[in-house]
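# after the sequence you'll find the predicted model.
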Amino acid sequence: MLELRQLHVLAAIAREGSLAAAARMLHYSQPTITHHLAALESHFGARLVQRGPRGAELNELGSTLLPHAEAVLERLGLAERELRDLAERGTRTLHIGTFPTAGALLLPPAVKVLLQAGVHVSMTEGELPTLLKGLRARELHAALVFSQPGDRLDLDDDFDLHPLLHDPLQLVLPEDHRCAGQTHVRLEDLRQDNWIGAADPGDPCDRALARACAQHSFQPVHTLRTDDYAVVQGFVAAGAGVAVIPRLALGTPHPDVVLRQLEGEPLAREISVVTLRTSAASTIATLMHCLDRQAGEIRRRWADADADADAGADPDTHADSVPE
């Protein structure tokens, strides 16, 4: 019969590269490690680990077993956390990840409903790599993420991806920029400008901009990078460069910048919620319903703002406010 300790031993050997190091990691004696490894290999009737003078590594069979062992351990860890929360709090805890903009504008109404239903909410804020890591480790039940259409998030079949919002990118220019008087700006007219981008060059918005610029035979030169969109607008207002900012993140525009559309195919990011298939199906369903409703409210607000702009409202002074 398989034991969880045997799976822990296999994972520790893979991570540490030797039986001695695995023993130290798990606070076992080395004979105990050897015993559990032998029992595991006996169960499968095959060698799983190749030992050598420099340590130990999983062979092909062991490497095939490893992801299954890790998945079992991860799901058990998640179950332990859920049961501990139920025992200690008397309520279920939902662990949710989010990036800052969604945490401010999409998530609060859902959290309010969950709290009223007696569900404790634990929130982790971070950029996409942090959130994906938390999902893969089963530390998060759900996460709000953004990506480019067609991006692969490399999540396994235990996760569902549900699109919420198509978030267009808007061009932000200093008010005295040579293109500030145009309603729609040609991207090729900005080839000599400096750009202000995200802290991570692999950010989906930066990648979308790079692909669009490549179609006009140039690459944007990023002279400043930050993930704080208020700082981005401040830099643009100071004349340090131009930028594209997701509409959801714009808030109240800086008084010394103007917002314009780029000509051609609209640039946008996709905001989605990733959920882990767990026994908390009703709680996840409540979260999804609230997020869908809030995303729909945001789309309606944008449609009203666009109708006002078409009717002659000043696009420079309009703020895309979103209700709580």
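Perfect, I can see it now. Residues are numbered from 1 along each chain as shown.

# can you count the residues close to residue 297?
A count of neighbours around residue 297, defined by other C-beta atoms under 10 Å, yields 15. Yep, even glycine has a C-beta here, placed from its N, CA and C like the rest.

# now name the helix or strand holding it.
helix 281-310 (DSSP states H and E).

# pLDDT on that helix, on average?
Averaged across helix 281-310, pLDDT comes to 90.

# for it, name the packing helices and strands.
Here helix 281-310 touches strand 93-98, helix 108-116, strand 142-147, strand 159-174, strand 268-276, going by 3 or more C-beta pairs under 8 Å, 6 or more residues apart in numbering; DSSP states H and E.

# so can I have a markdown table of the ones you listed showing mean pLDDT, distance to residue 35 and mean neighbour count?
Shown next, in a markdown table, are the helices and strands packed on helix 281-310 (pLDDT from 0 to 100; distance: least, C-beta to C-beta, whole Å; neighbours: other C-beta atoms under 10 Å):
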| stretch | mean pLDDT | distance to residue 35 | mean neighbour count |
| --- | --- | --- | --- |
| strand 93-98 | 89 | 35 | 23 |
| helix 108-116 | 93 | 46 | 15 |
| strand 142-147 | 93 | 39 | 24 |
| strand 159-174 | 94 | 36 | 19 |
| strand 268-276 | 92 | 34 | 22 |
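
# redo these as TSV? Include distance to residue 224.
Below are those laid out as TSV (distance: least, C-beta to C-beta, whole Å):
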stretch	distance to residue 224
strand 93-98	25
helix 108-116	30
strand 142-147	21
strand 159-174	13
strand 268-276	20
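
# which strands or helices does the helix or strand bottoming out on mean pLDDT in the chain pack on?
Every helix and strand in the chain was compared by mean pLDDT, DSSP states H and E; the lowest is helix 60-89, with a mean of 80. Packing contacts for helix 60-89, counted by 3+ C-beta pairs under 8 Å, 6+ apart, involve helix 4-16, strand 93-98.

# related to what we said a few turns ago, now the helix holding residue 297: buried residues?
Of all the residues in helix 281-310, those buried under the rule 16 or more other C-beta atoms under 10 Å are 283-284, 286-288, 290-292, 294-295, 298, 302, 305.

# using TSV, lay out the helices and strands packed on helix 60-89 together with distance to residue 261.
Output for those, formatted as TSV (distance: least, C-beta to C-beta, whole Å):
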stretch	distance to residue 261
helix 4-16	50
strand 93-98	28
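
# the spatially closest residue to residue 142 that is not a sequence neighbour and residue 283, how far apart?
Leaving aside its chain neighbours, residue 142 sits nearest to residue 275 (4.5 Å; criterion: C-beta to C-beta, 6 or more residues apart in numbering). For residue 275, the distance to residue 283 (C-beta to C-beta, to the nearest Å) stands at 10 Å.

# give me the common contacts of those two.
Contact with both residue 275 and residue 283 is made by residues residue 141, according to C-beta atoms under 8 Å, 6 or more residues apart in numbering.

# quick one: contacts for the nearest residue to residue 204 once chain neighbours are set aside?
Closest residue in space to residue 204, ignoring its immediate chain neighbours: residue 148 at 4.5 Å, by C-beta to C-beta, 6+ apart. By C-beta under 8 Å, 6+ apart, the contact set of residue 148 is 204, 207-208, 269-270.

# phi, psi for residue 148 please.
With angles defined as degrees, to the nearest 10, residue 148 sits at phi -90, psi 150.

# please report how far it lies from residue 209.
Using C-beta to C-beta, residue 148 is found at 11 Å from residue 209.

# so how far is residue 196 from the residue lying closest to residue 72 once chain neighbours are set aside?
Leaving out its chain neighbours, the residue that sits closest to residue 72 by C-beta to C-beta, 6+ apart is residue 7, at 6.0 Å. Using C-beta to C-beta, residue 7 is found at 48 Å from residue 196.

# ditto for residue 221
Taking C-beta to C-beta, one finds residue 221 at 11 Å from residue 196.

# higher neighbour count, the two?
Taking other C-beta under 10 Å, residue 221 and residue 196 do not tie; residue 196 has more neighbours (23 against 13).

# returning to what we had before: would CSV of the contacts of residue 148 with distance to residue 69 be doable?
As requested, these are exported to CSV (distance: C-beta to C-beta, whole Å):
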residue, distance to residue 69
204, 33
207, 35
208, 38
269, 36
270, 34
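
# what is the most widely separated pair among those residues?
207 and 270 (12.5 Å; C-beta to C-beta).

# now do stretch 281-300: everything it contacts.
Contacts for stretch 281-300 (C-beta under 8 Å, 6+ apart): 92, 94, 96, 105-107, 109-110, 113-114, 117, 119, 141-142, 144, 162, 164-165, 248, 271, 273, 275, 278, 322-323.

# contacting residues around residue 272?
Counted by C-beta under 8 Å, 6+ apart, residue 272 has contacts 144-147, 161-164.

# what's the closest of the residues you listed to residue 236?
Using C-beta to C-beta, those come closest to residue 236 at residue 146, 21.0 Å.
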